[in-house]
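> Mind folding the following:
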Amino acid sequence: MTHDPPDSPDGDPDEVACVRCFEVQDQMFLDRMLWCDRCCSVARNRAGWWGWLGGWIFGAALAAYIWIFVQPSSLVIGGWFGTVAMGIWFGAKACREVAYGVIRFRNGRAVEATPPEAGAASQ
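Predicted structure coming up:
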């Protein structure tokens, strides 16, 4: 005994709209939060910019801490520059992941968007 899928007035029941851009796609091309690949890559790119900003702020704070409290000698100054550079890189990676999570959690565009009218597409 097989069950037929219910008739869907919107078309194929496996087609779902991306909650970010409302573009209808097959469900297998969306992630678990129903974002399409293009929306994920745009969010990842935006999070990358926020990540580098956070990384540079973290690196500046690390450099200030080293300059004020550690007071490095000129003998191993290259090691301290390397430490600050790695701090910037690791800070950027951590801030990027936090920013990406915040962007995905807020989902601002889907909250503000209005779905397309059913009759507007046929006109």
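> host element of the residue nearest the centre of the chain?
The residue lying closest to the centre of the chain (CA atoms, centre = their mean) is Tyr100, at 3.0 Å. Assigned by DSSP states H and E, Tyr100 falls within helix 77-106.
> Mind giving me the packing neighbours of that helix?
Helix 77-106 is packed against helix 37-65, with contacts defined by 3 or more CB pairs under 8 Å, 6 or more residues apart in numbering; DSSP states H and E. All C-beta spots, glycine's among them, are computed from the backbone N, C-alpha and C.
> Which positions in the helix it packs on come out as buried?
Within helix 37-65, the residues scored as buried using 16 or more other CB atoms under 10 Å are 39-40, 42-43, 47-48, 50-52, 54-55, 58-59, 62-63.
> Please name every helix or strand in contact with that helix.
Counting by 3+ CB pairs under 8 Å, 6+ apart, helix 37-65 packs on helix 77-106.
> circling back: and the direction of the helix holding Tyr100 versus that of helix 37-65, what angle?
140 degrees (axes from the mean of the first three to the mean of the last three CA atoms, to 10 degrees).
> burial measure for Ala85, as a count.
13 (other CB atoms under 10 Å).
> what about the closest residue to the residue nearest to the centre of the chain other than its chain neighbours, distance to Ala94?
Among residues not flanking Tyr100 along the chain, Ala47 sits closest, at 3.7 Å (CB to CB, 6 or more residues apart in numbering). Going from Ala47 to Ala94 by CB to CB, to the nearest Å gives 11 Å.
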